[in-house]
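Peer 1: just coords:
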């Protein structure tokens with residue numbers, strides 16, 4: 001599933017994304033318009049409901065953009081990344 005999240009800077013927004021992922025039993029989620037210039041482990045743990053995940057991200061440029069792809073690493077295997 002993919003979401004235009006219109007910014008993930010606030011913790012409440014990240015918790016809402018996590019709730020949606022968990023509720024729908026998703027194995028992969030692509031987030032666009034994160035507006036984040038940097039993504040660290042804390043962000044991943046706040047978004048993904050569990051510890052078995054990997055992600056790839058691309059920073060925002062200015063006040064727009066930013067992508068995060070996050071997935072269950074028991075289901076998908078990353079073979080390459082843009083970051």
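Peer 2: On my side now, so go ahead. Remember, it's a predicted structure, so these values are computed and weren't measured experimentally.

Peer 1: where do the strands sit along the chain?
Peer 2: For the chain, strands defined by DSSP state E occupy the ranges 2-4, 28-32, 53-61, 64-72.

Peer 1: elements contacting the first one?
Peer 2: In terms of contact count using 3 or more Cβ pairs under 8 Å, 6 or more residues apart in numbering; DSSP states H and E, strand 2-4 is assigned the packing partners strand 28-32. For glycine as for every other residue, the C-beta is placed from the backbone atoms N, C-alpha and C.

Peer 1: can I get the strands of the chain in TSV including distance to residue 13 and mean pLDDT?
Peer 2: Putting these into TSV (distance: least, Cβ to Cβ, whole Å; pLDDT from 0 to 100) gives the following:
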stretch	distance to residue 13	mean pLDDT
strand 2-4	10	87
strand 28-32	10	96
strand 53-61	14	92
strand 64-72	12	93
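
Peer 1: closest to residue 80 out of those strands?
Peer 2: strand 53-61 (9.0 Å; Cβ to Cβ).

Peer 1: list the buried ones in the closest one?
Peer 2: The neighbour-count check on strand 53-61 (16 or more other Cβ atoms under 10 Å) flags 53, 55, 56, 57, 58, 60 as buried.
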